[in-house]
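# 3D model of this:
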Amino acid sequence: MLLAVMAGTSFAHVLQQVANGSFPASVMFQVLGLNMLDGLSTLLPLAAFLGVLNGLGRMYRESEMHVLASSGMGPDGLLRPVTILAVVLAILVGIVGLWLGPWAARTSDQLVAAANRSVIAAGLDAGRFTPLPGKGGIIFVDELSRDGSTLGNTFIATERMGHDNVPHIKLVTGKHGQLYQETDGSGRFLALWNGFQYDIPLGADNWRKMKYERNDASLDSIQSDDDAEDPAHSMTLAQLLRTDNPDTRAEFAWRTIAPAMTLVLLALALPLSRQSPREPRFGRMFLAILTFYFYYLLLAICRGQIVKGHWHHSFPMWMVTLMVLAIAARMFQNQYSPRKPRKAAA
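Okay, here's the model as predicted:
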């Protein structure tokens, strides 16, 4: 269920970027898969937390825990399998957070960079009209090189609003073309040779025609428009250790706290899962989600303080984690500690 929700959210976000011209449709599913892989470091701890809570809660509601307790199973019998599961998941989350997630982010950036260098990745194909990404126009070529950088006879039509507040149609033709970028890779341009350019105001007869030897047109770069993009997130662990700034310190702290968060959440699942048969089925689930949100919010606040440069280390994040772990241990101990017998009323 959580995977479906995450996939739907990521798909809607990527689809919006495709509609805005930020991503070509040809790499949409690759970017979607990489984004989901990158999000596993947050999804896995939450999924394990809710899964253990739901599984143990069902055993409590159906009185299976009481049967096991009457058969001699103490708190160690419940703590041991959950601990093994928590350690395995913490190792998996550590692999995803420290290596797999940043690799997915770098690969996604490389796909976008390749789309900037190739019109094939933008969906252009020889012999058919193709919408220009984010430009509100179309392009047609009769021939295309294998790498997508060299074009044959080219036709481009775009619409813009003129200074006289009248829509203008701009038509550009060329015998051949070449796709190139600026030296820093920030811009993407299409150079056309030996063609004509027409400026046609709609509803008027003052058309303009120009013959040119070379005509360069700017194309929208196909890149992510995510405002929350963090360059430090795609860095390798070695790069984070070599770079000392607030962003890299916050990213390193977040990656290292994720496995510990998994252990803490599964420790919290033990006391939170205990419920009576008459208790509402999803009552503890709602409480668990609020607990996860509050814990995650505290960690996010600590990370924000590191990013702003107010804190220079991750000690507050570990203090929050140890505090939540101590609360979980105390709750679990209170549930299994022997109760004092009540004194008979005189």
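
# which strand in this structure runs the most residues?
strand 188-201 (DSSP state E).

# so after it, what's the next helix or strand?
strand 208-219 (DSSP states H and E).

# by contact count, what packs against that next one?
On a contact count with 3 or more CB pairs under 8 Å, 6 or more residues apart in numbering; DSSP states H and E, strand 208-219 meets strand 167-174, strand 188-201. (Glycine included, C-beta is placed from N, CA and C.)

# how about those strands in JSON lines, adding mean pLDDT?
Output for the helices and strands packed on strand 208-219, formatted as JSON lines (pLDDT from 0 to 100):
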{"stretch": "strand 167-174", "mean pLDDT": "89"}
{"stretch": "strand 188-201", "mean pLDDT": "87"}
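
# for the helix or strand hosting Val93, output the C-alpha coordinates as CSV.
For Val93, the host element (DSSP H and E) is helix 75-95. Presented in CSV, the C-alpha positions along helix 75-95 are these (Å, rounded to 0.1, in the frame of the first residue of the first chain):
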residue,chain,number,x,y,z
PRO,A,75,9.4,-10.7,26.7
ASP,A,76,12.7,-12.3,25.2
GLY,A,77,10.6,-14.5,22.9
LEU,A,78,9.0,-11.4,21.4
LEU,A,79,12.1,-9.1,21.5
ARG,A,80,14.5,-11.6,19.8
PRO,A,81,12.8,-11.9,16.4
VAL,A,82,11.9,-8.2,16.2
THR,A,83,15.6,-7.4,17.0
ILE,A,84,16.8,-9.7,14.2
LEU,A,85,14.4,-8.1,11.8
ALA,A,86,15.4,-4.6,12.9
VAL,A,87,19.1,-5.3,12.4
VAL,A,88,18.6,-6.7,8.9
LEU,A,89,16.4,-3.8,7.9
ALA,A,90,18.8,-1.3,9.4
ILE,A,91,21.6,-2.8,7.2
LEU,A,92,19.4,-2.6,4.1
VAL,A,93,18.4,1.0,4.9
GLY,A,94,22.0,1.8,5.4
ILE,A,95,22.9,0.4,2.0
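
# contact partners of it?
Contact with helix 75-95 is made by 40-41, 44-45, 48, 52, 56, 65, 68, 258-263, 266-267, 269-270, 332, 336, as judged by CB atoms under 8 Å, 6 or more residues apart in numbering.

# those in helices, which ones?
Among those, DSSP state H puts 40-41, 44-45, 48, 52, 56, 65, 68, 258-263, 266-267, 269-270, 332, 336 in helices.

# weed out the non-buried ones from those.
40-41, 44-45, 48, 52, 56, 65, 258-263, 266-267, 269-270, 332 (16 or more other CB atoms under 10 Å).

# sounds good, over and out.
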